[in-house]
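Trainee: pasted the sequence and its predicted model underneath.
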Amino acid sequence: MPRSALKPLLVGVLALLLLLSAPLGVAALPSWLSRGPAQQQPIPSQGPSGRLQELAPPGAVQQLKHQLAGRHPQLTLVSPADDNVVKSDAVELVLDVQDWPVSLDPDLGIGPHVAVQVDDLPLIRLDQLTNGKLRLKLDDLTPGSHRFSAWAAYPWGEAVTAPGGAIQGRLHLWQRLNATQPASDAPWVVPVPPANEENQQPLMLDWLIWNAPLQNLRDGDGRWRIRISVDGDSFLTDHQEAIWLKGTGSNGTTLQLELLDGQGEPLQPVFNNRLIRLEAGRRDRPVWLKARLSEDELERLSGTPRQERIDPEPSLQRSPAEEEQNDDQEAQEQAQQADVASEPVVATAEEPTTEPDLATVDDSIEEAVDNDDDPTPPMDPAPAPQQLEPDPAPVRQPEPLLRPESSLGGSARELLNPDGRLKQP
């Protein structure tokens, strides 16, 4: 075949290849041919099971939360500045605390307080403020880089999750030491044990996750999980809320918290795999585990200021009705004393309590007739001094006067009053 005839044939073959290869460049390959990793669904969260049972918080805890619901704690780092290098062997951590009634009751225990965690050192709880400032001297840190976190805590130890209620930061003694702390934007977990750090039933479990990405905004959006193990029994959760558990017994217990990604793989286990030990619970249970608090306990444990109360002596304590009755009696006594002082005292003879003898009445009448000519009137007896009693005596109805039943006539009848008394000259 001549070469001139091959050229049109080659041109046609090349054009056909170009047409066929153009859609192949943008066509998606089947999933089973794709070399990239397939999209995986996050592992589902699983609540406690087996011998672990999730319960509602105790009644006292619910009362205290309601009492403190109006509080919005705000923590601010004053010194040292975040990520600052401190040229000293010791450093004083100063925090400004607002709208949180930090307190300690001598009988009921710690109230609302602030907890501070430095690296993996034991948790520090602070219950005293000075002019709204909290000061903590750290003199046992090694040279190098350290991380710390602080949060407002309820009396039973649970962290306040409201915005501004917790802070985190870095500090460096003498100089920075790279690769010893998580990156500034990397997630890391902090266990939050109960305030008494004992295994009491029910047991509170809580935690803080710093720089945790948002999740569960839509289906299949899980980016992290917390795996909690209590003496080997594990479960998964995907939220940052305290959990109350029953079934761990009253002996000492070991708690492990692990921060995982959405598929259950560990995230930087050096900083996100924490183990804590709780000692056996004592017989004296904390007051916040009660079913209900009294009003006095609620005020004292919540840090609410109490007004000074002066209780009267038991012997002087009277009800309002008794006090009103006593005031009325005193007013009556004062009125009676004023009447007695303003009116003349008239002495009255005592009324006979028995029926008079007729012979006695006749003799009295004759004696009165005989003494009628005596110009000197009889003198009234001197009145006896009247004594006022502290309490008014009950009023007695006067007894009816007894009249003589004899039949007197003549001048003797004229000497008597209609009530049977002798007429006075």
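Mentor: Yep, that arrived.
Trainee: quick check: buried residues in stretch 71-89?
Mentor: Of the residues in stretch 71-89, those buried by neighbour count under the rule 16 or more other C-beta atoms under 10 Å are 71, 73, 75, 77, 80, 86. Any C-beta I mention is one placed from the backbone N, CA and C, and that applies to glycine too.
Trainee: just the CA atoms of that stretch, as PDB, please.
Mentor: Output in PDB follows, covering the C-alpha atoms of stretch 71-89 (Å, rounded to 0.1, in the frame of the first residue of the first chain):
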ATOM      1  CA  ARG A  71     -24.100  31.500  88.600                       C
ATOM      2  CA  HIS A  72     -21.900  31.900  85.500                       C
ATOM      3  CA  PRO A  73     -18.300  31.400  86.700                       C
ATOM      4  CA  GLN A  74     -15.600  33.100  84.700                       C
ATOM      5  CA  LEU A  75     -11.900  32.100  85.100                       C
ATOM      6  CA  THR A  76      -9.100  34.300  83.600                       C
ATOM      7  CA  LEU A  77      -5.400  33.700  83.700                       C
ATOM      8  CA  VAL A  78      -3.600  36.700  85.300                       C
ATOM      9  CA  SER A  79       0.000  35.400  85.500                       C
ATOM     10  CA  PRO A  80       2.100  34.000  84.200                       C
ATOM     11  CA  ALA A  81       1.100  34.800  80.600                       C
ATOM     12  CA  ASP A  82       0.200  31.800  78.600                       C
ATOM     13  CA  ASP A  83       3.100  30.100  76.900                       C
ATOM     14  CA  ASN A  84       5.600  32.200  78.800                       C
ATOM     15  CA  VAL A  85       9.100  31.300  79.800                       C
ATOM     16  CA  VAL A  86       9.600  31.700  83.600                       C
ATOM     17  CA  LYS A  87      13.200  32.200  84.700                       C
ATOM     18  CA  SER A  88      12.800  30.700  88.100                       C
ATOM     19  CA  ASP A  89      12.500  27.400  89.900                       C
END
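Trainee: any idea of the mean pLDDT for that stretch?
Mentor: Mean per-residue pLDDT for stretch 71-89: 94.
Trainee: likewise stretch 186-205?
Mentor: 92.
Trainee: returning to that earlier point: with respect to Ile276, which of the buried residues of stretch 71-89 is nearest?
Mentor: Ile276 lies nearest to Leu75 out of those, by C-beta to C-beta, at 22.8 Å.
Trainee: A strand includes the closest one, no?
Mentor: Yes: if the criterion is DSSP: H, G, I helix; E, B strand; the rest coil, then Leu75 is within a strand.
Trainee: which residue packs closest to it, ignoring adjacent ones?
Mentor: Ile167 (5.0 Å; C-beta to C-beta, 6 or more residues apart in numbering).
Trainee: please name the bridge partners of that neighbour.
Mentor: On the basis of DSSP bridges, Ile167 takes part in beta bridges with Ala150.
Trainee: ok now do it, which residues does it touch?
Mentor: Listed by C-beta atoms under 8 Å, 6 or more residues apart in numbering, the contact partners of Ile167 are 75-77, 95, 149-151.
Trainee: CSV for the residues you listed, including distance to Leu136?
Mentor: Listed next are those as CSV, based on distance: C-beta to C-beta, whole Å:
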residue, distance to Leu136
Leu75, 13
Thr76, 14
Leu77, 12
Leu95, 8
Ser149, 13
Ala150, 9
Trp151, 14
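Trainee: mind picking the two most distant members of these?
Mentor: Checked with C-beta to C-beta, those reach their widest spread between Thr76 and Ser149, with 13.9 Å between them.
Trainee: hang on, the earlier thing: can you put the buried residues of stretch 71-89 in CSV and add distance to Gln200?
Mentor: Written out in CSV, the entries for the buried residues of stretch 71-89 read as follows (distance: C-beta to C-beta, whole Å):
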residue, distance to Gln200
Arg71, 25
Pro73, 25
Leu75, 28
Leu77, 33
Pro80, 37
Val86, 39
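Trainee: and those, which two are furthest apart?
Mentor: In terms of C-beta to C-beta, these reach their longest pairwise distance at Arg71 and Val86, which sit 32.3 Å apart.
Trainee: low-confidence stretches in the stretch 1-150 of the chain?
Mentor: Within the stretch 1-150 of the chain, the segments meeting pLDDT under 70 span 1-8, 10-11, 13-14, 16, 18-39.
Trainee: going along the chain, name the strands of it.
Mentor: When secondary structure is read from DSSP state E, counting those that start in this stretch, the stretch 1-150 of the chain shows strands at 53-55, 74-79, 84-86, 91-98, 104-105, 109-110, 113-118, 124-126, 133-138, 144-153.
Trainee: list the neighbouring strands of the second one plus their orientation.
Mentor: Applying DSSP bridges, strand 74-79 is found paired with strand 91-98 (antiparallel).
Trainee: quick revisit: quick one: which of the buried residues of stretch 71-89 is nearest Ala212?
Mentor: Looking at these and their distance to Ala212, the nearest is Leu75, at 18.5 Å (C-beta to C-beta).
Trainee: how much space separates the closest one from Ala69?
Mentor: As defined by C-beta to C-beta, to the nearest Å, Leu75 lies at a distance of 18 Å from Ala69.
Trainee: ok, the residue nearest to Glu54 when sequence neighbours are not counted - contacts?
Mentor: What sits nearest to Glu54 in space, not counting adjacent residues and going by C-beta to C-beta, 6+ apart, is Pro48, at 5.0 Å. Contacts for Pro48 (C-beta under 8 Å, 6+ apart) come out as 54, 233, 235, 243, 245.
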